[in-house]
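J.: structure here, sequence nowhere to be found:
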């Protein structure tokens, strides 16, 4: 146990020594709602499923428990996802990002017309102000974002157009009405790994080495957040 002093308060960091935290990893979208379509015509669900699998493996390698949610793409209801995560200690929804119609351009890939963007790329992390455990959600989101940046990934600044910052430096934004974030009893974040409408970033997001490096950053952030929890102790 360590103590830090600041603003007239002691911050006590307590390392949890109980059973390893259980992380619910939710694959965004599914068979009926495949999500966004990449610059080369691949569905967001395919990207989400691939990265979620790497993340789950990495979490297990770090001795964290994993509960797989919607890995088969069969959960149609958004509200059913948090229900499937009941009993876990943390919920992370895995997604990949797109961009609005005004910023899309036309091109052709393998003989088919597609759309792409050049103005938006980078990761983003969302929390809901309606979260039942907002302090933990915010702490974990910021820690994940910090580990992502430390690993060389860049946070998108695009979200400032629509969302209030929770920790803009680390790519964390408020998105209050996301069902998977506020209809849960757990601390929860939605993680956008990158922008699949950006032609270069789409290819980067499919690179296995990069996926493992990103998964390691996310898993390290989750572990650091859940194993080390701050307690505020009034100074005497």
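T.: Ah, there it is. Because the structure is predicted, anything quoted here is derived from the model rather than measured.
J.: could you list every residue that touches the closest residue to residue 155 other than its chain neighbours?
T.: Spatial nearest neighbour of residue 155, excluding adjacent residues (C-beta to C-beta, 6 or more residues apart in numbering): residue 171 at 2.8 Å. All C-beta atoms are positioned from the backbone trio N, CA, C, and that covers glycine. Going by C-beta atoms under 8 Å, 6 or more residues apart in numbering, residue 171 touches 122-125, 145, 148-149, 155-156.
J.: who does the residue nearest the centre of the chain form a beta bridge with?
T.: Closest to where the C-alpha atoms of the chain average out (C-alpha atoms, centre = their mean) is residue 191, at 1.8 Å. Per DSSP bridges, the residues bridged to residue 191 are residue 94, residue 125.
J.: and the strands in the protein, which stretches?
T.: 2-6, 9-15, 22-27, 65-69, 90-97, 105-109, 112-116, 124-127, 165-167, 172-174, 188-195, 228-234 (DSSP state E).
J.: among the ones you listed, which gets the worst mean confidence?
T.: Note on the strands of the chain: lowest mean pLDDT is at strand 2-6, with a mean of 38.
J.: contacting residues for residue 88?
T.: Residue 88 neighbours (C-beta under 8 Å, 6+ apart): 22-24, 65, 67, 186.
J.: with residue 226 instead?
T.: 16, 21, 89-90, 140.
J.: now a PyMOL select for only the buried ones of those residues.
T.: Buried members of the contacts of residue 226, defined by 16 or more other C-beta atoms under 10 Å, are picked up in PyMOL with:
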select buried, resi 21+89+90+140
